[in-house]
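*Asks:* Sequence and predicted structure below; questions after.
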Number of protein chains: 2
Amino acid sequence: MPEYKAPQKDIHFVLNDLLDFEQHYSQLPGCEEATPDMVSAIIEEGARFAERVLAPLNQVGDQEGCRFEDGQVTTPTGFREAYQQFVEGGWPSLSHSPEWGGQGLPDSLGMVVSELTSTANWAWGMYPGLSHGAMNTLEEHGTEEQKQTYLTKLVSGEWTGTMCLTEPHCGTDLGLLRTKAEPNADGSYAISGTKIFISAGEHDMADNIVHIVLARLPDAPAGTKGISLFIVPKHLPTADGGAGERNAVNCGSIEHKMGIHGNSTCVMNFDAATGYLIGPANKGLNCMFTFMNTARLGTAMQGLAHAEWGFQNSLPYARERLQMRALTGPAAPDKAADPIIVHPEVRKMLLTQKAFAEGGRALIYYCSMLVDKVKLADGEEKANADTQLAFLTPIAKAFLTEVGFESANHALQVYGGHGYISEWGMEQNVRDCRISMLYEGTTQIQALDLLGRKVLMTQGETLKSFTKVIHKFCKAAEEDPKMRAFTGPLAKLNSEWGDLTQQIGMKAMMNKEEVGAASVDYVMYSGYVTLAYFWARSAQAAQLKLAAGEGDAAFYRSKLTTARFYFERILPRTRGLVETMLSGSDNLMELPEDNFIF
Amino acid sequence: MPEYKAPQKDIHFVLNDLLDFEQHYSQLPGCEEATPDMVSAIIEEGARFAERVLAPLNQVGDQEGCRFEDGQVTTPTGFREAYQQFVEGGWPSLSHSPEWGGQGLPDSLGMVVSELTSTANWAWGMYPGLSHGAMNTLEEHGTEEQKQTYLTKLVSGEWTGTMCLTEPHCGTDLGLLRTKAEPNADGSYAISGTKIFISAGEHDMADNIVHIVLARLPDAPAGTKGISLFIVPKHLPTADGGAGERNAVNCGSIEHKMGIHGNSTCVMNFDAATGYLIGPANKGLNCMFTFMNTARLGTAMQGLAHAEWGFQNSLPYARERLQMRALTGPAAPDKAADPIIVHPEVRKMLLTQKAFAEGGRALIYYCSMLVDKVKLADGEEKANADTQLAFLTPIAKAFLTEVGFESANHALQVYGGHGYISEWGMEQNVRDCRISMLYEGTTQIQALDLLGRKVLMTQGETLKSFTKVIHKFCKAAEEDPKMRAFTGPLAKLNSEWGDLTQQIGMKAMMNKEEVGAASVDYVMYSGYVTLAYFWARSAQAAQLKLAAGEGDAAFYRSKLTTARFYFERILPRTRGLVETMLSGSDNLMELPEDNFIF
């Protein structure tokens, strides 16, 4: 049976050696509690919970799935109990404000913990994950009373939350949505409509579910400017804060889907359900963006999660499975055959997973520092963090989920035919991972967001905010001969990145289709360069430790080897992307719609 | 519900305009029956059967799967009846010798028909597909009596066949296999052992199942040189050729797996089952190679099948789903939004599928001509076909299944979140496709076979047999200005292909790991160049037709557009592969086995 072991050593490498979280926390107001000891203790405890409670339920969740009967959803065996333990452990409140019952620890630390729970059991992790989105929305846009009523219950974990955006005819294009909100005499609204793909929309884990719902007020302007945000609880709150009368929101069915079977994906019917406006009328989509950015980083985490999980579970198989001899002669002459890890192509699949998992961890943790700064810093530091985060979020989401899926497939492939058999768990990992490139905006949507909105609409400002960081790093390290193999190619790519952007920008002035036609290649290119930066930094951090004779030398040498692998075996993929993103939109646009098939 | 429509127009394009099957058949002895009219009629009839009988069962097969009870396997609703119709239609006998009841049509025509049935319903198609492998083995290696007893029943379709190779501890490395064959007094053998992953090993479709089994004779040499081949029927044949006494071969269980649920994947237990030696003792693996080459081409077909199926089913969605506006302004101003086919990145996903499906068809049909020639031609023509086929088979298998899986994922991605939901069928297509990179030798094994065995061990002879074909084509077309956009890049790649091979060959003389370390990049590179050749030829064929004013101009223009797309948007992927395949084996081999995870 597949297992999960929290990669604590690598987590500490990223937090301490690479990104210096200690300094980060010491400089930010409100992070005083996050001392190194506290951080270690939380990771240790989170790891234990993820390894012992959640990981053993991962396969069960897939096999049993959620059951739907008479409007009720029953989650797989053990999910409910695990959630109770999660609540008792105080985990939902970790990074929320003490004002609403939270522990007031930084968001970044919450993200580290969510890596642990999510990797151990993604389908389970989505239940608290969705709550987190609802909490952020309430914290930022709710009234005091709304926070008192709903946020405290979400922070304690007694209630869970959802985000209700998608409708049958619209997902990406929320401007088309039809769910209506009619004012009631008491200031509340009657919400009517159908929402689909509502993760954790109905379940048996908590007393109440707080739906955050996008809907239209009467006479609202058409399109995205006429959308408002509402709180629609499953049970209306009682005067003393309990879960009272049942509201007219019901789960109509759950979806049969490729993976994440342990999470309920619900059709939610609102039949004049009582809802409460949150945030300004007709500004719902703006309010939602707060949530969406968090959700996108959370989904980027899914790429990391499945890469890490697959890597951990394909490595032991590669070391145990005996098949054929090494090309250079028997490596284990006393055995009937060599373990397949002797074969270069098996190693390539393992190293690819390792490079994406560990590099992805560095990228996401870096983003989580930016999240802290956006929330807690001031002035230029905050503004700069905001710019960088806006730029890196679609890259992290698109790139890490694409390479996470690639990694999950490598893990399956290491098992040969056995990878296709359910009991090993590798095919579940592939199925569970596949959703990550779809929800919270497909890869294609992230790509347009990056190249169109984020980069070209700001005349490249957001790009520069990050290429500057890379430039500074390369400049500072250029005297170090040991770093040249990394800084040389990285500096070249960093300047190419700007050039490519300019070329596409020029073409786009003549023809807007050029933006779309270049966008996915551009976001993937951006991802490869971004990860190269983190791998170069990792190599530097490892070399410093090795030079100082500190820590586990084998660990640091492994970092160096993986960095070299990344630069020599992964980064050349950018060569094809440069050619295709500049190849123009004609080769995509010229075929008439009627002439694709005859 | 997803549908399948046989792409008859493209099939005829490949057969007639591109590869000139009429001339091919007219030149080969034994292909007299395959007149253009006969070919068309068979395709027409096969298309009808695939579209009306098999396609509607594809989703049913996935949802119901096979059931196992008391050693019996029940196939999904309708599978058995469809097989009866298949037998009544005479399809199993199509390309087998009249001597054993066959229709004596060429193998290539059988492959065209198998494209139809396989694309409509891969899981179903595996039942007759496995029989086909058993028939080829019997035809080539069986005695007259064995052919009379077994082959006639397989050709008629009354019985089906399997190939029993894999054991729990060995798949790739058959030298390790343990199944024993002890001689009986009557000249038969008692076969004992366990085989796994036996497709169609047990089912309810036919009266008898003929297992072709690899096993070891007593005192056989160790390793691959001590393996013999046996016929082990489920029911021993009676004197009058019927299915008699039950043999001691039983299905112990069926696997729960990622996809192809409609096909039974069986654990087969042989408990001193009666078997009959086929071919010379200890030469079983050599005999098996006949089968394996056919099976590998058959699996290459799976890449084409899922690319074609996904393309057909994502295109209508892209034309119907309304979401967002075109970047250049509303394309369908009368609708609430534009169909998503207006977006460049959606078109890219569609065109990628189209390019791989249609290009893959050309490659496989070309290989099928080589199969005909190996079987029916003489002297140099036969030898040359044999060399080319040996070279192209691992390319077709590895490359077409990898890009087939990519294509299936694009098809799913076109649907956005809906692609993840089972009812649309797109996620089934991805799951069903995933096995193709694993069975009949993983991508990694094909890659080693190509670069190690086929190319380097022959000092590049097999490669040259095909680069010569490309060279000749480019040379002949170089005067044509309309072809320069294709022949220019193709000729360059063709010569690069040789250079790369030489460089790797030189490195391999110093260090054999270089072969392994380059192999997957090499097979993928080879695939991209091979398909470029077929796309260049397709462009030429289309241009000739357009110049002559013959046929459907829109169809031929679509070919030209897709060829351009392939050259500008797909072929640049070779740039990264060139770099990585030459990057040396150190970056893969230097990390000690113990230092992958800490």
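*Replies:* Thanks, I have the structure now.
*Asks:* Please enumerate the strands of the stretch 251-400 of chain A.
*Replies:* All strands of the stretch 251-400 of chain A, identified by DSSP state E, counting those that start in this stretch, fall at A:265-278.
*Asks:* again with chain A
*Replies:* Assigned by DSSP state E, chain A shows strands spanning A:67-69, A:72-74, A:159-164, A:180-183, A:189-199, A:208-215, A:228-233, A:235-237, A:243-246, A:249-254, A:265-278.
*Asks:* How about the contacts made by residue A:482?
*Replies:* The contact partners of residue A:482, taken as CB atoms under 8 Å, 6 or more residues apart in numbering or on different chains, are residue A:543. C-beta here means a position set from N, CA and C on the backbone, and glycine is covered the same way.
*Asks:* and the strands of chain A as TSV, adding distance to chain B?
*Replies:* Listed next are the strands of chain A as TSV, based on distance: least, CB to the nearest CB, whole Å:
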stretch	distance to chain B
strand A:67-69	14
strand A:72-74	17
strand A:159-164	14
strand A:180-183	16
strand A:189-199	5
strand A:208-215	16
strand A:228-233	20
strand A:235-237	28
strand A:243-246	28
strand A:249-254	11
strand A:265-278	8
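*Asks:* Dump those into JSON lines; add mean neighbour count as well.
*Replies:* As requested, the strands of chain A are exported to JSON lines (neighbours: other CB atoms under 10 Å in any protein chain shown):
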{"stretch": "strand A:67-69", "mean neighbour count": "13"}
{"stretch": "strand A:72-74", "mean neighbour count": "16"}
{"stretch": "strand A:159-164", "mean neighbour count": "26"}
{"stretch": "strand A:180-183", "mean neighbour count": "18"}
{"stretch": "strand A:189-199", "mean neighbour count": "22"}
{"stretch": "strand A:208-215", "mean neighbour count": "26"}
{"stretch": "strand A:228-233", "mean neighbour count": "26"}
{"stretch": "strand A:235-237", "mean neighbour count": "17"}
{"stretch": "strand A:243-246", "mean neighbour count": "14"}
{"stretch": "strand A:249-254", "mean neighbour count": "19"}
{"stretch": "strand A:265-278", "mean neighbour count": "22"}
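*Asks:* want to try CSV for those strands, with mean pLDDT as columns?
*Replies:* Listed next are the strands of chain A as CSV, based on pLDDT from 0 to 100:
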stretch, mean pLDDT
strand A:67-69, 98
strand A:72-74, 98
strand A:159-164, 96
strand A:180-183, 98
strand A:189-199, 98
strand A:208-215, 98
strand A:228-233, 98
strand A:235-237, 98
strand A:243-246, 98
strand A:249-254, 98
strand A:265-278, 98
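*Asks:* Tell me who's in contact with the residue of the stretch 151-300 of chain A found nearest chain B.
*Replies:* Nearest residue of the stretch 151-300 of chain A to chain B, counting by CB to the nearest CB: residue A:258, 3.8 Å away. Remark: with contacts taken as CB under 8 Å, 6+ apart, residue A:258 is in contact with A:431, A:434-435, B:420-422, B:427, B:430-431.
*Asks:* And for residue A:251?
*Replies:* Residues in contact with residue A:251 (CB under 8 Å, 6+ apart) are A:68, A:71-73, A:201-202, A:264, A:266-269.
*Asks:* Just list whatever residues bridge to it.
*Replies:* Judged by DSSP bridges, the bridge partners of residue A:251 are residue A:268.
*Asks:* For the stretch 251-400 of chain A, which residues are neighbours of chain B?
*Replies:* By the rule CB under 8 Å from any CB of the partner chain, the part of the stretch 251-400 of chain A lying against chain B is A:255-259, A:311-312, A:315, A:319, A:322-324, A:326-328, A:336-337, A:339, A:341, A:343-348, A:350-351, A:354.
*Asks:* In PyMOL, select just the buried ones from these.
*Replies:* Per 16 or more other CB atoms under 10 Å in any protein chain shown, the buried members of those correspond to this PyMOL selection:
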select buried, chain A and resi 255+257+258+259+311+312+315+322+323+324+326+327+337+339+341+343+344+345+346+347+348+350+351+354
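*Asks:* now, which of the residues of the stretch 251-400 of chain A next to chain B lie within helices?
*Replies:* Judged by DSSP state H, these include A:311-312, A:315, A:319, A:344-348, A:350-351, A:354 as members of helices.
*Asks:* Identify the farthest-apart pair in these.
*Replies:* Across these, the longest distance by CB to CB is 21.2 Å; it joins A:312 and A:344.
*Asks:* Which residue ranges of the stretch 301-450 of chain A form helices?
*Replies:* With helices called from DSSP state H, counting those that start in this stretch, the stretch 301-450 of chain A shows them at A:344-376, A:379-414, A:426-434, A:443-448.
*Asks:* highest average neighbour count across those helices?
*Replies:* A comparison of the helices of the stretch 301-450 of chain A by mean neighbour count, using mean count of other CB atoms under 10 Å in any protein chain shown, puts helix A:426-434 on top with a mean of 27.
*Asks:* Just send the strands of chain A back as TSV, with distance to residue B:51 too.
*Replies:* Output for the strands of chain A, formatted as TSV (distance: least, CB to CB, whole Å):
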stretch	distance to residue B:51
strand A:67-69	34
strand A:72-74	39
strand A:159-164	40
strand A:180-183	43
strand A:189-199	31
strand A:208-215	42
strand A:228-233	46
strand A:235-237	51
strand A:243-246	49
strand A:249-254	31
strand A:265-278	32
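*Asks:* Show me the helices in the stretch 101-250 of chain A, by range?
*Replies:* Going by DSSP H, counting those that start in this stretch, the stretch 101-250 of chain A shows helices at A:107-120, A:122-141, A:144-146, A:152-156.
*Asks:* Next: the stretch 451-598 of chain A.
*Replies:* A:461-477, A:484-510, A:513-548, A:553-565, A:573-581, A:586-589.
*Asks:* could you dump the helices of the stretch 301-450 of chain A to TSV with mean pLDDT?
*Replies:* What follows is the helices of the stretch 301-450 of chain A, written out as TSV (pLDDT from 0 to 100):
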stretch	mean pLDDT
helix A:344-376	98
helix A:379-414	98
helix A:426-434	98
helix A:443-448	98
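*Asks:* Could you list the residues of the stretch 401-550 of chain A in contact with chain B?
*Replies:* A:405, A:409, A:412-413, A:416-417, A:419-423, A:427, A:430-431, A:434-435, A:437-439, A:442-444, A:447-448, A:511-513, A:515-517, A:519-520.
*Asks:* cool, and the stretch 51-200 of chain A?
*Replies:* Counting by CB under 8 Å from any CB, the stretch 51-200 of chain A sits next to chain B at A:166, A:169-173, A:175-176, A:197.
*Asks:* Tell me the one among the residues you listed nearest to residue A:399.
*Replies:* Lowest distance from residue A:399 to those (CB to CB) belongs to residue A:172, with 19.0 Å.
*Asks:* Point out where chain A drops to low pLDDT.
*Replies:* Along chain A, no part satisfies pLDDT under 70.
*Asks:* ok, and the closest non-adjacent residue to residue A:594?
*Replies:* Distances taken as CB to CB, 6 or more residues apart in numbering or on different chains place residue B:554 nearest to residue A:594, at 7.7 Å, with adjacent residues excluded.
*Asks:* is it true that that neighbour touches residue A:595?
*Replies:* Yes. With contact defined as CB atoms under 8 Å, residue B:554 reaches residue A:595; the gap is 5.2 Å.
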